[in-house]
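**Student:** turn this into a structure:
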Amino acid sequence: MRATFMGRPGACPAHLRRAGRGAATQADEKTSSKVLTVQDSPAVAPDASVMFLPRTFRWTITDRSGKQLFEINTTADTAMLYGLASGYAGGYCWEGSYNGKPENERGYIEYIDQRG
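**Tutor:** Numbering: from 1, shown residues only. All right, here's what the predicted structure looks like:
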């Protein structure tokens, strides 16, 4: 997901950690994410901030030449738990492709949306 500060892009890192396949890699390529649907009810944090959490989202990584390296379509399938900085963390199942090969696995998301 994309982070901003004072209306300017901050960070949108992609960390790929694959069980049993070596160390994590950070993709410094073009990353894109889009929340496709949100959960039925908004989450209310202890500080009373309200946030609609993703139910489904898409995440892609494209290299500098425009070749798609990674694309996943996800469905959140665990409770999203409140954590630090008014954010939430949860798990999801995904299907998609990695370097053009179809795959499906599990993932984890840390999500904060303070746009109001």
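**Student:** show me where the protein has helices.
**Tutor:** Taking DSSP state H, the chain contains no helices at all.
**Student:** so, low pLDDT: which residues of it?
**Tutor:** Across the chain, the ranges flagged by pLDDT under 70 are 1-29, 116.
**Student:** residue ranges of the strands in it, please?
**Tutor:** Under the criterion DSSP state E, the chain contains strands at 3-5, 8-11, 14-16, 25-27, 30-38, 43-44, 50-51, 54-62, 68-76, 81-82, 88-98, 101-111.
**Student:** now these as TSV including mean neighbour count?
**Tutor:** Backbone N, C-alpha and C define where each C-beta goes, glycine included. Output for those, formatted as TSV (neighbours: other C-beta atoms under 10 Å):
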stretch	mean neighbour count
strand 3-5	10
strand 8-11	8
strand 14-16	14
strand 25-27	12
strand 30-38	15
strand 43-44	14
strand 50-51	15
strand 54-62	18
strand 68-76	18
strand 81-82	12
strand 88-98	17
strand 101-111	13
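**Student:** how about residues contacting stretch 40-56?
**Tutor:** Stretch 40-56 has contacts (C-beta atoms under 8 Å, 6 or more residues apart in numbering) with 35-39, 73-76, 80, 82, 86, 88, 90, 109, 111-114.
**Student:** switch to 6 Å and redo it
**Tutor:** 35-39, 75-76, 80, 82, 86, 88, 113 (C-beta atoms under 6 Å, 6 or more residues apart in numbering).
**Student:** nearest to Gln68, of those?
**Tutor:** Leu36 (17.7 Å; C-beta to C-beta).
**Student:** farthest pair within the contacts of stretch 40-56?
**Tutor:** Maximum distance among these (C-beta to C-beta): 23.7 Å, for Thr75 and Ser86.
**Student:** surely Lys34 is in contact with Trp59?
**Tutor:** No: Lys34 lies out of contact with Trp59 (C-beta atoms under 6 Å); the separation is 8.1 Å.
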